[in-house]
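J.: okay, predicted coordinates and the sequence, questions at the end:
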Amino acid sequence: MALNEFVGRLHPDGKATVARAATHYRWTPGSQSRGRCPACDAELELSERHVLVTLSREFGGDERHHFCTESCVAAWLGGE
């Protein structure tokens, strides 16, 4: 699935939608350099290629989540 096809999809909790999905490389020295994929729990090196998904919530603002691949995003959103 292409990343732009995730935009507008509803998060499984029904309270957020995908506002943005893009290939990402985080190059901010001194900030968080590792994370965990919410779909498969793999450790991510954020300076390497990963997928950044921004969820928009009506209350509470935006949330950023880092994923290994597009297939992890699809699985997390409920199912492909």
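T.: Perfect, I can see it now.
J.: how far out from the middle of the chain is stretch 59-76?
T.: Distance of stretch 59-76 from the chain centroid (C-alpha atoms, centre = their mean, to the nearest Å) equals 2 Å.
J.: hmm, I was thinking of stretch 38-45
T.: Chain-centre distance of stretch 38-45: 11 Å, with C-alpha atoms, centre = their mean.
J.: residue ranges in the protein under the pLDDT threshold?
T.: For the chain, the stretches with pLDDT under 70 are 26-31, 79-80.
J.: what helix or strand does the residue most central in space within it sit in?
T.: When C-alpha atoms, centre = their mean is applied to the chain, the residue found nearest the centroid is residue 53 (2.9 Å). Using DSSP states H and E, residue 53 sits within strand 50-57.
J.: packing partners for the helix or strand following that strand?
T.: Downstream of strand 50-57, the first helix or strand assigned by DSSP H and E is strand 61-67. Helices and strands touching strand 61-67, by 3 or more C-beta pairs under 8 Å, 6 or more residues apart in numbering; DSSP states H and E, are strand 16-24, strand 50-57, helix 70-76. C-beta coordinates here come from the backbone N, C-alpha and C atoms, glycine included.
J.: what lines up beside strand 61-67 in the sheet?
T.: Strand pairing for strand 61-67, determined by DSSP bridges: strand 50-57 (antiparallel).
J.: would you mark the buried spots in the partner strand?
T.: In terms of neighbour count (16 or more other C-beta atoms under 10 Å), strand 50-57 has its buried residues at 50, 51, 52, 53, 54, 55.
J.: now for those residues: which two are most distant?
T.: The two members of the buried residues of strand 50-57 with the most space between them (C-beta to C-beta) are 50 and 55, at 15.9 Å.
J.: just to revisit the earlier point, so what pairs up with the residue nearest to the centre of the chain in the strands?
T.: With DSSP bridges as the rule, residue 53 is bridged to residue 21, residue 65.
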